[in-house]
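coords please:
(chains A and B)
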Amino acid sequence: MRELRWIWLFAAKDLRTELRSGGRLPAMAAFVVLAGFLFAVSLDRTQIPSRSVAAGLLWLVVLFAAIAGAGRTFDLEDRHGAFRHVLLAPVSRRAVFLGKTAANLVLLWLATALAFVAVTAFLGVRSPGALVAHGAVLLPGTVGLAAVGTFFGRVSSHSSLGDTLLPVLALPLLVPVVFFGATATARVFLDRPWPEVAGPVRLLWAFALGALAAGAVLFRHTAED
Amino acid sequence: MKPKSAGTAGCVLAAAGVATILVVHWMVAFWVPTEASMGVVQRIFYVHVPAAWTSFLAFGLAALASAAYLWLEDERADAAAVAAAEGGLVFGALMLTSGPLWAKIAWGTYWEWDPRLTLTLLLWFTYLGYFLVRGSVSDPRKGRRLAAVVAVAGALNIPLIHVSVSWFRSIHPDAVVIKPDGPTLHPDMLATLLVSLAGFTLLFLGLFCLRYSVEVMSRRRPPAGAPPGASS
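Modelled structure (predicted):
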């Protein structure tokens, strides 16, 4: 119970800092809208039906937004030496990781909602399927993206390669999320019955819970300076 | 193990591995029968499968040694992890190049985005990231710790690769040796494969011991400019 309170406190602190500094969210929002626009103008929609590519493009936009956001998770605190003080809090590193992941997840949900609107609108997908079903697919997928992104965001923050290293480390592990997510979202776009969507969604949940557990266990090795 | 003993063991094992692989080449060229449906190209199998086995062994060993380093903070475990990860990259590159050469003839294309192939390629990239992390962190001790974390996280992919053939539709051929009802290979083909597996494993273990010995000794070397007799 006490740990849950710490997770909430860390997440709330990060979101408050984000609202005050206003760095990551506007950048992620601008990125997803521009990416949706670029995909729409670069595809010949007389040859490729929008619905058949919308799911893959949506997941790519969300993936790159997650990586871009995660790369800045520790920036502000590292720059001012504040992360050292975060680590002085009488709480496990697990709570720090889960709190940071929760804050990243909230930002990613906002970017994902915008990405969904941008991709479907720019690609001209008239009936995108049940919104509740899209939410049920995107929820576990974004949890997995936020957990892996936050974890490797910390690893790459120590490196002189910085943001260049993060995609090299995170993308190989995130391919299953994009694969299962795009498969399930494509089925929702095509109005397929839920049992056909449920299989990939279960795998997305398995990945998300596995990523959260692995991150919570290993984060203490990446946290210290 | 002491670095000097590891070096000696490495030389012996690597020499035995090279000799065995020379025998395998003779067996593949002159002894083993040609497979009926695929023809001569099937002989790549005797290089591809042992390379795959050795690379997974190496990546698994790197992950175990990395976990040991995170737990015990023993420099020897990190040296073992580096040696194993380098071996994994080398044998993995051999697997990832020999497979497409066979696939071009058998499937008509060098590469298919099949789950097993894709996940194996991603595992290879994860261990490439392992070396990028080591090389890009200014504090070597911190670099070792972070690289160990990457190795452990990346190894979570290995069981997924193993089950991917049964979980997803895959065009990658099924196992022909480790099966519940026994191997389905021709006995001569099985013998050639087993000798090749032994040769590749011996070569990897030899290179692993040699690399481990060099890594441990290089860390004991005194820094440049230090007085004689000093060690780091």
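
show me what counts as buried in the helix-or-strand element of chain A with minimal mean pLDDT.
Each helix and strand of chain A was given a mean pLDDT (mean pLDDT, DSSP states H and E); the minimum falls on helix A:75-79 at a mean of 78. Within helix A:75-79, the residues that count as buried by 16 or more other Cβ atoms under 10 Å in any protein chain shown are A:Asp75, A:Leu76, A:Glu77. The way it works is simple: take the backbone N, C-alpha and C, and place the C-beta from them, glycine included.

stretch A:115-127 too?
In stretch A:115-127, counting by 16+ other Cβ under 10 Å, buried: A:Ala115, A:Phe116, A:Ala118, A:Val119, A:Thr120, A:Phe122, A:Leu123, A:Val125.

could you give the mean pLDDT of stretch A:97-108?
Across stretch A:97-108, the average pLDDT comes to 93.

what's the answer for stretch B:30-40, then?
Across stretch B:30-40, pLDDT averages out at 81.

what are the buried residues along it?
Buried residues in stretch B:30-40, counted by 16+ other Cβ under 10 Å: B:Val32.

can you list the residues that contact it?
Stretch B:30-40 is contacted by residues B:Gln42, B:Arg43, B:Tyr46, B:Ile105, B:Ala106, B:His186, B:Asp188, B:Met189, B:Thr192 when judged by Cβ atoms under 8 Å, 6 or more residues apart in numbering or on different chains.

that stretch: end-to-end distance?
Stretch B:30-40 has an end-to-end distance of 12 Å (Cα to Cα, to the nearest Å).

who's in contact with the closest residue to A:Arg72 other than its chain neighbours?
Leaving aside its sequence neighbours, A:Arg72 sits nearest to A:Arg24 (Cβ to Cβ, 6 or more residues apart in numbering or on different chains; 5.1 Å). If you count contacts by Cβ under 8 Å, 6+ apart, A:Arg24 has them with A:Glu18, A:Ala68, A:Gly69, A:Arg72, A:Leu107.

who wins for neighbours among these?
Counting neighbours by other Cβ atoms under 10 Å in any protein chain shown, A:Gly69 comes out on top of those with 27 neighbours.

thought that one was touching A:Met28?
Yes: the criterion here is Cβ atoms under 8 Å, and A:Gly69 meets it with A:Met28 at 5.1 Å.

out of the buried residues of stretch A:115-127, who's nearest B:Tyr212?
Among these, A:Ala115 lies closest to B:Tyr212 (Cβ to Cβ), at 47.5 Å.

and the helix or strand hosting the closest one, what does it pack onto?
Assigned by DSSP states H and E, A:Ala115 belongs to helix A:93-123. Packing partners of helix A:93-123 (3 or more Cβ pairs under 8 Å, 6 or more residues apart in numbering or on different chains; DSSP states H and E): helix A:2-21, helix A:24-42, helix A:50-70, helix A:82-87, helix A:131-157, helix A:194-223.

coming back round to it: a markdown table for the buried residues of helix A:75-79, including distance to B:Thr8?
Shown next, in a markdown table, are the buried residues of helix A:75-79 (distance: Cβ to Cβ, whole Å):
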| residue | distance to B:Thr8 |
| --- | --- |
| A:Asp75 | 50 |
| A:Leu76 | 53 |
| A:Glu77 | 50 |
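
contacts with chain B among these, please.
Contacts with chain B within the buried residues of helix A:75-79, as defined by Cβ under 8 Å from any Cβ of the partner chain: none are present.

looking at these, which is nearest A:Thr185?
A:Asp75 (30.7 Å).

against B:Ala9, how distant is the residue nearest to the closest one when sequence neighbours are not counted?
Counting by Cβ to Cβ, 6+ apart, A:Asp75 lies nearest to A:Ser157, which is 7.4 Å off, once chain neighbours are set aside. Using Cβ to Cβ, to the nearest Å, A:Ser157 is found at 40 Å from B:Ala9.

so which residues on chain A come close to chain B?
Counting by Cβ under 8 Å from any Cβ, chain A sits next to chain B at A:151, A:155, A:158-161, A:165, A:168-169, A:171-173, A:175-176, A:210, A:214, A:218, A:221-222, A:225.

would you check that A:Phe122 makes contact with A:Ala35?
No: between A:Phe122 and A:Ala35 there is no contact under Cβ under 8 Å: 9.5 Å.

so who does residue 93 touch?
Went with chain A since none was named. A:Leu87, A:Phe219, A:Arg220, A:Ala223.

that's the wrong chain, I wanted chain B
Counted by Cβ under 8 Å, 6+ apart, B:Ala93 has contacts B:Trp124.

in which helix or strand would I find it?
helix B:75-106.

mind checking how far whichever helix or strand comes after that helix is from the chain centre?
Next helix or strand after helix B:75-106 toward the C-terminus (DSSP H and E): helix B:115-136. With Cα atoms, centre = their mean, to the nearest Å as the basis, helix B:115-136 stands 12 Å off its chain's centre.

alpha carbons of the helix or strand that helix B:115-136 is followed by, as PDB, please.
Using DSSP H and E, the helix or strand that follows helix B:115-136 in sequence is helix B:140-155. C-alpha atoms of helix B:140-155 as PDB (Å, rounded to 0.1, in the frame of the first residue of the first chain):
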ATOM      1  CA  PRO B 140      33.800   1.400 -17.400                       C
ATOM      2  CA  ARG B 141      32.300  -0.100 -14.300                       C
ATOM      3  CA  LYS B 142      28.900   1.500 -15.000                       C
ATOM      4  CA  GLY B 143      29.200   0.500 -18.600                       C
ATOM      5  CA  ARG B 144      29.600  -3.200 -17.600                       C
ATOM      6  CA  ARG B 145      26.600  -3.000 -15.200                       C
ATOM      7  CA  LEU B 146      24.400  -1.400 -17.900                       C
ATOM      8  CA  ALA B 147      25.500  -3.900 -20.600                       C
ATOM      9  CA  ALA B 148      24.800  -6.800 -18.200                       C
ATOM     10  CA  VAL B 149      21.300  -5.400 -17.800                       C
ATOM     11  CA  VAL B 150      20.800  -5.300 -21.600                       C
ATOM     12  CA  ALA B 151      22.100  -8.900 -21.900                       C
ATOM     13  CA  VAL B 152      19.700 -10.200 -19.300                       C
ATOM     14  CA  ALA B 153      16.700  -8.300 -20.800                       C
ATOM     15  CA  GLY B 154      17.700  -9.400 -24.300                       C
ATOM     16  CA  ALA B 155      17.800 -13.000 -23.300                       C
END
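
check which helices and strands helix B:140-155 is in contact with.
Using 3+ Cβ pairs under 8 Å, 6+ apart, helix B:140-155 is in contact with helix A:131-157, helix A:165-189, helix A:194-223, helix B:45-72, helix B:75-106, helix B:115-136.

understood, closing this out.
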